[in-house]
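Peer 1: next input, structure requested:
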Amino acid sequence: MTHFPLLTVTLLLPLAGALIIGVIPKESTRLIRAAALVSTLMTFVTSLFIVFHFKASVAGPQLEDQARWIPQVGATLHLGVDGISLWLVLLTTFLMPASVLVSAHVGEKVKAFHVVLLILETSLLGVFLSLDLALFYVFWEAMLVPMFFLIGIWGYERRRYAAVKFFLYTLSGSLIMLVGILFLYFTGGRTFDIAAISHLHLARSTQAWLFWAFFASFAIKVPLFPLHTWLPDAHTEAPTAGSVLLAGVLLKMGAYGFLRFSIPLFPDAAHRFAPVLGLLAVIGILYGGAVAVVQKDLKRLVAYSSVSHLGFVVLGIAALTTTATTGSVLQMVNHGLSTGALFLLVGMLYDRAHTRQIADFGGLAAVLPVYGGLFLFVCLSSLGLPGLNGFVGEFLILNGTFPVLRVLAILGSGGVVLSAIYLLWAYQRVFHGQPKVPHAERRSLWRDLSFRELCAVVPLLVMTLVIGVYPRPFLSRIEPSVREAIHGAANAAASSGSSASSGSQNASGTHGVKP
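Peer 2: Numbering: from 1, shown residues only. All right, here's what the predicted structure looks like:
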């Protein structure tokens, strides 16, 4: 029986949708929006088939598709999915229909907007599915272009500044990573195959500089403190769909890169520098949370909350334990759902009020009761309320980190308190107190969430509840791949511990010997 190229179909469906939209007259905006929605829904359905065919007990790549691409340099079109990338693929395809639905207000260059959105989806899926370093790098860089245009053309007042800043930051890190990729290519027998490269026995010093070369690109994308300064501007100026995808998917690329490349390819360096990674993560957790508390713009508040929440993800990765790292992968999905929903809701509020300043609101619960209830639900999910998705990921991360990085785990737990402060305080100011609706003279025109808006945001909230109540199907598919990804670094830690113990015993044995 011929293998059906399920991953290839999933990867190319958005691109096919973009090509179809390309031949639709630009005046037919309703048809363009419908074509984009159908394309994203079809891609989501194919990604569900990936989940259904995925075997939870298998740690390595599954459903692989492979074809010749550039044989002269040994590059192949090699796609595969494992427990680390599986849920990130599904998250990407899950958020795209919501991004299309929430973009109904886009009135400028509608055709180009949806083409760019679908090209971005293919680029994101390519990052998570690639098992060839050259192919991965192509998709990693290709993602920059559509996001640059999303921010630069359809963003807000300072959109050009934010777009250029985003582009330059991420491109600079990517170029440093490219040097590392080329070194691995020439060292590893002129192949870009990740599985083959993972068997290289690199010297300790070589692993060290390669780890930092890849770190430069991944840390910017997370983003880790102090490389985060592009994020608040990009989030604030991006259109709602851009913010949803930026927070929901793009930021996960950096953490995914650490798990896919930095730890498996450079295990000794990963073990040596894990405390540094953990320290930067904790600084990001506390800094992002503290700055979020004082924000006056709702979008900037959510942006800084992402710096804090992604710090938890990196802290779990730095622990190099199965429990913490499994929690990190799940928390990537959790953050994509919760923060994606927050950006959807903030965008819907801006469409009505044309302002995001917290001080401009008050008493909205009486004006928009359904909206207010959903906003509170998402806030509770994001701050880690037991029974919702955020609690599961944060608990696993802190539980798995405490035995190995105890001080960092204790300090990082302060981020949980900060998230409760900035989210609940923002909710209280916007939805309670004296009613203070912007454009009061048009208050009669204010409507609670429409059916289209509910279709965009409610599925995300349902998934936050599902993961919070029953996370086992997700964790069971993540854990085997995580265990395989970190086993090299874990072995390095074990051998380091054995050497230290042996050295201690030798010192103890010779201490009492008289000359």
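
Peer 1: looking at this, L31 is in a helix?
Peer 2: Yes: L31 forms part of a helix when assessed by DSSP: H, G, I helix; E, B strand; the rest coil.

Peer 1: now do the contacts for L95.
Peer 2: L95 makes contact with V244, L245, G248, V249, G336, G340, L460 under the criterion C-beta atoms under 8 Å, 6 or more residues apart in numbering. C-betas here are computed from N, CA, C, even on glycine.

Peer 1: please render these as CSV that adds neighbour count, secondary structure and distance to F312 to the earlier fields.
Peer 2: Below are these laid out as CSV (neighbours: other C-beta atoms under 10 Å; DSSP: H, G, I helix; E, B strand; the rest coil; distance: C-beta to C-beta, whole Å):
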residue, neighbour count, secondary structure, distance to F312
V244, 28, helix, 20
L245, 28, helix, 21
G248, 30, helix, 16
V249, 29, helix, 17
G336, 27, helix, 14
G340, 26, helix, 17
L460, 25, helix, 19
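
Peer 1: and those residues as CSV, adding distance to L368?
Peer 2: Formatted as CSV, the contacts of L95 follow (distance: C-beta to C-beta, whole Å):
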residue, distance to L368
V244, 20
L245, 25
G248, 23
V249, 28
G336, 25
G340, 20
L460, 18
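
Peer 1: out of these, which is nearest to K111?
Peer 2: Nearest to K111 out of these is L245 (C-beta to C-beta; 18.8 Å).

Peer 1: spatially nearest residue to that closest one (excluding sequence neighbours)?
Peer 2: In space, and not counting its chain neighbours, L245 is closest to S99: 5.9 Å by C-beta to C-beta, 6 or more residues apart in numbering.

Peer 1: again, but for H235
Peer 2: Excluding its sequence neighbours, the residue lying closest to H235 (C-beta to C-beta, 6+ apart) is A303, at 3.7 Å.

Peer 1: what pLDDT does the model give the one you found?
Peer 2: Per-residue pLDDT puts A303 at 91.

Peer 1: you'd agree it is up against P232?
Peer 2: Yes: with contact defined as C-beta atoms under 8 Å, A303 and P232 form a contacting pair (4.5 Å).

Peer 1: neighbour count winner among these two?
Peer 2: Under the criterion of other C-beta atoms under 10 Å, the comparison of A303 against P232 puts A303 first, with 27 against 23.

Peer 1: what residues are up against that one?
Peer 2: Each residue near A303 by C-beta under 8 Å, 6+ apart is listed here: L231, P232, A234, H235, T236, A247.

Peer 1: what do you get if the cut-off is 7 Å, keeping everything else the same?
Peer 2: Residues in contact with A303, defined by C-beta atoms under 7 Å, 6 or more residues apart in numbering, are L231, P232, H235, T236.

Peer 1: burial of S172, as a residue count?
Peer 2: If you count neighbours by other C-beta under 10 Å, S172 ends up with 12.

Peer 1: quick check: pLDDT value at it.
Peer 2: On pLDDT, S172 comes in at 89.

Peer 1: the one 4 residues further on too?
Peer 2: Confidence at I176, expressed as pLDDT, is 92.

Peer 1: and it, which helix or strand is it part of?
Peer 2: Element membership for I176 (DSSP states H and E) is helix 159-187.

Peer 1: what are the boundaries of the strands in the chain?
Peer 2: Using DSSP state E, the strands found in the chain span residues 62-70, 75-81.

Peer 1: got the contact list for the closest residue to F44 other than its chain neighbours?
Peer 2: Excluding the flanking residues, the one nearest F44 by C-beta to C-beta, 6+ apart is T93, at 4.2 Å. Contact analysis of T93 by C-beta under 7 Å, 6+ apart lists T43, F44, S47.

Peer 1: for the residues you listed, give me a markdown table that also has pLDDT.
Peer 2: Converted to a markdown table, those look like this (pLDDT from 0 to 100):
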| residue | pLDDT |
| --- | --- |
| T43 | 96 |
| F44 | 96 |
| S47 | 95 |
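
Peer 1: what residues sit buried inside stretch 134-145?
Peer 2: Using 16 or more other C-beta atoms under 10 Å as the test for burial, stretch 134-145 gives A134, L135, F136, Y137, V138, F139, W140, E141, A142, M143, L144.

Peer 1: just say which of the strands of the chain is most tucked in.
Peer 2: Mean neighbour count (mean count of other C-beta atoms under 10 Å) peaks for strand 75-81 among those, with a mean of 22.

Peer 1: relative to helix 159-187, how tilted is that one?
Peer 2: 110 degrees (axes from the mean of the first three to the mean of the last three C-alpha atoms, to 10 degrees).

Peer 1: other residues contacting strand 75-81?
Peer 2: Contacts to strand 75-81, defined as C-beta under 7 Å, 6+ apart, come from residues 7-8, 11, 50, 54, 61-69, 89, 129-132, 134-135, 192-193.

Peer 1: what of stretch 398-407?
Peer 2: Applying C-beta under 7 Å, 6+ apart, the contact partners of stretch 398-407 are 275, 278, 315-316, 318-319, 321, 323-324, 327, 408-409, 412-413.

Peer 1: average pLDDT for it?
Peer 2: On average, stretch 398-407 scores 93.

Peer 1: with just CA atoms, put it into PDB.
Peer 2: The C-alpha trace of stretch 398-407 is given here as PDB (Å, rounded to 0.1, in the frame of the first residue of the first chain):
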ATOM      1  CA  LEU A 398       8.000  23.800  38.700                       C
ATOM      2  CA  ASN A 399       7.700  20.200  39.900                       C
ATOM      3  CA  GLY A 400      10.400  19.000  37.500                       C
ATOM      4  CA  THR A 401      12.700  22.000  38.000                       C
ATOM      5  CA  PHE A 402      12.700  22.100  41.800                       C
ATOM      6  CA  PRO A 403      14.900  19.000  42.300                       C
ATOM      7  CA  VAL A 404      17.700  20.200  40.000                       C
ATOM      8  CA  LEU A 405      17.500  24.100  39.900                       C
ATOM      9  CA  ARG A 406      15.900  24.700  43.300                       C
ATOM     10  CA  VAL A 407      16.600  28.400  43.700                       C
END
